[in-house]
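# predicted structure and sequence below. I'll ask about it afterward.
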Amino acid sequence: MLEDARVECPYCGEDFDTLVDSSAGSQHYIEDCPVCCHPIEFQAEVDGDGNLIALEVQRDDD
């Protein structure tokens, strides 16, 4: 299931919407910011029912 989430880019500070595939379970992945194009690390936490319960973002260069 794809879930819509709003996040803030840790580089440029702009908010943007992203889709998270919660059917894949908890995951770690990299996606480029649609505003400044820097790579952002995403950590998605999904519960046992497949619901997104947390989405954290951080800079790829940290």
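Everything's here; your move.
# could you count how many residues lie near the closest residue in space to Arg59 that isn't next to it in sequence?
Beyond its immediate neighbours in the sequence, the residue positioned closest to Arg59 (Cβ to Cβ, 6 or more residues apart in numbering) is Pro10, lying 4.7 Å away. (Glycine included, C-beta is placed from N, CA and C.) Counted by other Cβ atoms under 10 Å, the residues lying close to Pro10 total 16.
# quick one: Pro10 is in a helix?
No. Assignment of Pro10 by DSSP: H, G, I helix; E, B strand; the rest coil gives coil, placing it outside any helix.
# state the pLDDT value of it.
Per-residue confidence for Pro10 comes out at a pLDDT of 98.
# His28 pairs with what?
Beta-bridge partners for His28, by DSSP bridges, are Gln43.
# per-residue confidence for it?
96.
# what residues are up against it?
Glu41, Phe42, Gln43, Ala44 (Cβ atoms under 8 Å, 6 or more residues apart in numbering).
# looking at the residues you listed, state which has the most neighbours.
Within these, neighbour counts (other Cβ under 10 Å) peak at Ala44, which reaches 22 neighbours.
# I figured it hits Asn51, correct?
No. Using Cβ atoms under 8 Å, Ala44 is not in contact with Asn51; the gap is 11.0 Å.
# between the two, which contacts overlap?
Ser22.
# now for the residue nearest to Arg59: which residues touch it?
So Pro10 contacts Ile40, Val57, Gln58, Arg59 (Cβ under 8 Å, 6+ apart).
# ChimeraX command for the buried members of the residues you listed?
Buried residues within the contacts of Pro10, by 16 or more other Cβ atoms under 10 Å, are selected in ChimeraX with:
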select :40,57
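# which phi and psi does the residue nearest to Arg59 have?
Taking degrees, to the nearest 10, you get phi -70, psi -10 for the backbone angles of Pro10.
# from Gly25, how far off is it?
Distance of Pro10 to Gly25, computed by Cβ to Cβ, to the nearest Å: 24 Å.
# so what's the residue positioned nearest the centre of the chain up against?
The chain has Phe42 as the residue nearest its centroid, 4.1 Å off, counting by Cα atoms, centre = their mean. Counting by Cβ under 8 Å, 6+ apart, Phe42 makes contact with Val7, Thr18, Val20, Gln27, His28, Tyr29, Ile30, Glu31, Leu55, Glu56, Val57.
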